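Novice: Can you look at this prediction? I've put the sequence above it.
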Amino acid sequence: MKYRLMDLLACPYDKTFPLELYVLKVNKYEERSVKFKKKPACELYCAFKGKRVEELEGDPGCDECIKYEVAEGVLRCPKCGRWFPIMDEIPILLPDEMRNKKEDLEFLSRHRDRLPKEVVEEGKPWSLKEG
């Protein structure tokens, strides 16, 4: 998942923006480059810097940002507490009824030491605390 996607994603349940991003693994593609019409390329939120666009100072780092893909991580809604895994560079924002509980819990278990308790123990639709 490109960091730039965070400028577009909102919680599918309550439309909260921006979502929290917890990066577990990043892939870098050195050869990747893009000619941006304007910088910052993001309109509202720069996940690469972890700031709203109006808070950025100087070079926003777009040329470097575009080289990275979040390979594994978690997106979390700070309002409703739902979390969504990022696997194989793909954010999986499925409704609760379409998610695979077993796979999600295995994902949480694998990364429990690298994620905050808000995801691991208190996350929705399920957490390791409730199983």
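Specialist: Ah, there it is. Numbering: from 1, shown residues only.
Novice: what packs against the longest helix along the chain?
Specialist: The helix spanning the most residues in the chain, taking DSSP state H as the definition, is helix 101-111. In terms of contacts (3 or more Cβ pairs under 8 Å, 6 or more residues apart in numbering; DSSP states H and E), helix 101-111 is packed against strand 83-87. Backbone N, C-alpha and C define where each C-beta goes, glycine included.
Novice: And the helices in the chain, which stretches?
Specialist: Per DSSP H, the chain carries helices over the ranges 62-65, 101-111, 117-120.
Novice: Need those in TSV (columns: mean neighbour count, mean pLDDT and distance to E130).
Specialist: Supplementary listing: these in TSV, determined by neighbours: other Cβ atoms under 10 Å; pLDDT from 0 to 100; distance: least, Cβ to Cβ, whole Å:
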stretch	mean neighbour count	mean pLDDT	distance to E130
helix 62-65	16	96	36
helix 101-111	14	97	10
helix 117-120	18	97	11
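Novice: quick one: which of those helices is nearest D14?
Specialist: Of all those, the one in closest proximity to D14, counting by Cβ to Cβ, is helix 117-120 (15.9 Å).
Novice: Now do the longest helix of the chain and strand 83-87, the angle between them.
Specialist: Between helix 101-111 and strand 83-87, the angle comes out at 80 degrees (axes from the mean of the first three to the mean of the last three Cα atoms, to 10 degrees).
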